[in-house]
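Asks: The following comprises the amino acid sequence and a computationally predicted model.
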Amino acid sequence: MTPPHPTAAPAGAHRDAIARDVVGRRRELDLVLAAVSAGRDILLEGPPGTSKSTILRAITTNWDVPFVLVEGNAELTPARLVGHHNPARVLREDYSAENFVPGPLVEAMQSGGFLYIEELNRAPEDTLNTLLAAMAEREVAVPRVGLIAALPTFRVLASMNPFDNVGTARISDSVYDRWCRLAIGYQDAAEERAIVAVRTGGNGAADQQLIADAVALTRATRTHPDLRRGSSVRGAIDLVAIAVELAELGSFPQRERLILEAALLALSARIGMDETVDATPEQVITEIWENHFFSAPGGQRRVRTG
């Protein structure tokens with residue numbers, strides 16, 4: 001059984017300190033913290049921008065262990081994951097433990113850190129098999145180096161986006177069997193407004209209204225019938241930041257027009273159009289903007305003021 005983390009204290013002793021770095025997500029934080037404190041590895045499944053890496057970084061910061069980030073893709077071969085021998089030194093000195101360059105897996109094992117693989121289902125199958133061996137035994141055999149054992153705080157965490165199947169592979173049952181899995185969805189509107197306020201420094205009444213508008217527009221992209229993918233809260237964060245700068249430039253004196261321009265810039269790359277419709281991202285965002293500012297429930301035009 002994997003020993004507890006360095007402080008040897010129960011998870012509850014750290015929860016409040018860790019929660020200060022996470023907006024909302026109390027249930028998810030408790031579940032992830034319980035899993036890693038119990039020595040388990042965890043797979044977080046959910047769309048982008050749902051605080052997956054934020055939760056993990058908050059825990060590693062509190063535990064004072066490294067956070068080793070790896071992007072899952074076709075180029076993540078076993079050699080890239082585990083490490084390789086320095087070719088120049090091999091030519092001069094032959095193979096040895098001294099000229100081995102650790103990959104992210106070995107780096108995390110030797111430092112007792114969290115290895116976090118984004119988009120696990122984009123990694124090749126042979127890479128996943130190498131990863132599973134390290135998870136099962138907490139050690140990995142490296143040719144001409146020997147057996148490398150992990151420190152007690154080593155964990156393997158991964159994320160998957162269930163709504164994006166472009167360039168992804170099916171995860172086998174043997175892979176799923178090694179993980180605790182947590183499904184994470186979008187947060188509610190109040191928590192997303194709080195996230196945007198923290199990330200953009202909004203504190204005045206005008207800022208709060210801008211944040212509310214940005215979050216409403218962003219959330220509307222997730223339910224629009226012409227979109228197969230809506231924007232994460234990152235879209236609202238960028239929308240607010242861009243709108244503030246546009247206001248400083250004075251390019252668009254009309255507030256609603258300023259927000260539209262910021263929305264087109266911040267959201268158009270973050271939404272995915274349904275292949276069966278002819279509309280453009282710009283047309284959909286403009287429609288959402290019009291519905292938000294100028295239409296009331298029931299299709300009534302909202303009276304504009306100011």
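Replies: Arrived safely, thanks for sending. What you see is a predicted model; the values in this text were computed from it and never measured. Residues are numbered from 1 along each chain as shown.

Asks: domains for this protein, by residue range?
Replies: With domains defined by automatic domain parsing, the chain comprises 12-183, 189-294.

Asks: Mean pLDDT lowest where, among those?
Replies: Of all the domains of the chain, mean pLDDT reaches its minimum on domain 12-183 (a mean of 82).

Asks: circling back to that earlier point, can you add mean neighbour count and give the domains of the chain back as JSON lines?
Replies: Bear in mind the C-beta positions are built from the backbone N, C-alpha and C, glycine included. What follows is these, written out as JSON lines (neighbours: other Cβ atoms under 10 Å):
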{"stretch": "domain 12-183", "mean neighbour count": "17"}
{"stretch": "domain 189-294", "mean neighbour count": "18"}
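
Asks: which stretches of the chain form helices?
Replies: Ranges of helices in the chain, per DSSP state H, are 12-19, 26-37, 52-63, 78-82, 87-93, 104-111, 125-137, 173-176, 189-200, 205-220, 233-249, 255-267, 281-294.

Asks: could those helices go into JSON lines alongside distance to L44?
Replies: Shown next, in JSON lines, are these (distance: least, Cβ to Cβ, whole Å):
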{"stretch": "helix 12-19", "distance to L44": "16"}
{"stretch": "helix 26-37", "distance to L44": "8"}
{"stretch": "helix 52-63", "distance to L44": "4"}
{"stretch": "helix 78-82", "distance to L44": "19"}
{"stretch": "helix 87-93", "distance to L44": "36"}
{"stretch": "helix 104-111", "distance to L44": "17"}
{"stretch": "helix 125-137", "distance to L44": "16"}
{"stretch": "helix 173-176", "distance to L44": "13"}
{"stretch": "helix 189-200", "distance to L44": "17"}
{"stretch": "helix 205-220", "distance to L44": "21"}
{"stretch": "helix 233-249", "distance to L44": "16"}
{"stretch": "helix 255-267", "distance to L44": "24"}
{"stretch": "helix 281-294", "distance to L44": "28"}
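
Asks: Can you tell me which of the ones you listed is nearest to M160?
Replies: Of all the helices of the chain, helix 52-63 sits nearest to M160, with 9.6 Å by Cβ to Cβ.
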